[in-house]
Structure formats: C-alpha cells, structure tokens
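Asks: what follows is a predicted protein model with its sequence.
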Amino acid sequence: MTVPSARTVNTVTGTNWEGVGVLPDVPVPADQARDMALETALGKALGTALAADQR
C-alpha cells in the first residue's frame, strides 16, 4: 500500500491534472494515435516530415 504524501500543483494556474488529464501535443482520433506518434517521431529524427506514401 502507498499513501500519497504530496500534491503536484501548477504554479501558474494553481491547479493540478488529477481527473483532467494532459492535453496531447497533436490531437488525433484514438485509432490514429500510434501512427501519428510514429510519423512525428520519425519526422523529427529525420528532420523532415514524411510524405503520406512513406508511412
């Protein structure tokens, strides 16, 4: 068993993300999330955006 001993609070807004979640950097439908993550990672690694036919 663990018992929380702290609460993370955003110093700017005074809130935390509990029950809210974190907004994604690139909003896509859930069924496309894996493909978009791979495309984004490869694009950043290669320094270019991948063309649709290279996915």
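Replies: Nice, I can see it. Numbering: from 1, shown residues only.
Asks: every contact and neighbour count from this point should use C-alpha atoms.
Replies: OK.
Asks: mind listing the helices in the protein by residue range?
Replies: Using DSSP state H, the helices of the chain run over residues 33-46.
Asks: most distant residue from the centre of it?
Replies: Within the chain, the residue lying farthest from the chain centre (Cα atoms, centre = their mean) is residue 1, at 28.9 Å.
Asks: separation between it and residue 41?
Replies: 37 Å (Cα to Cα, to the nearest Å).
Asks: next one: residue 30
Replies: Residue 30 is 17 Å from residue 41, by Cα to Cα.
Asks: of those two, who's got more company?
Replies: Taking other Cα atoms under 10 Å, residue 30 and residue 41 do not tie; residue 41 has more neighbours (13 against 9).
Asks: mind checking pLDDT for residue 52?
Replies: On pLDDT, residue 52 comes in at 53.
Asks: equivalent analysis for residue 49, please.
Replies: 52.
Asks: what do you get for residue 39?
Replies: pLDDT, residue 39: 89.
Asks: give me the number of residues near it?
Replies: 18.
Asks: equivalent analysis for the one 4 residues further on, please.
Replies: For residue 43, the number of neighbouring residues by other Cα under 10 Å comes to 14.
Asks: same check on residue 9?
Replies: 12.
Asks: show me what contacts it?
Replies: 15, 16 (Cα atoms under 8 Å, 6 or more residues apart in numbering).
Asks: how close does the spatially most central residue of the chain get to residue 7?
Replies: Taking Cα atoms, centre = their mean, the centroid of the chain lies closest to residue 24, which sits 4.0 Å from it. Residue 24 sits 22 Å away from residue 7, going by Cα to Cα.
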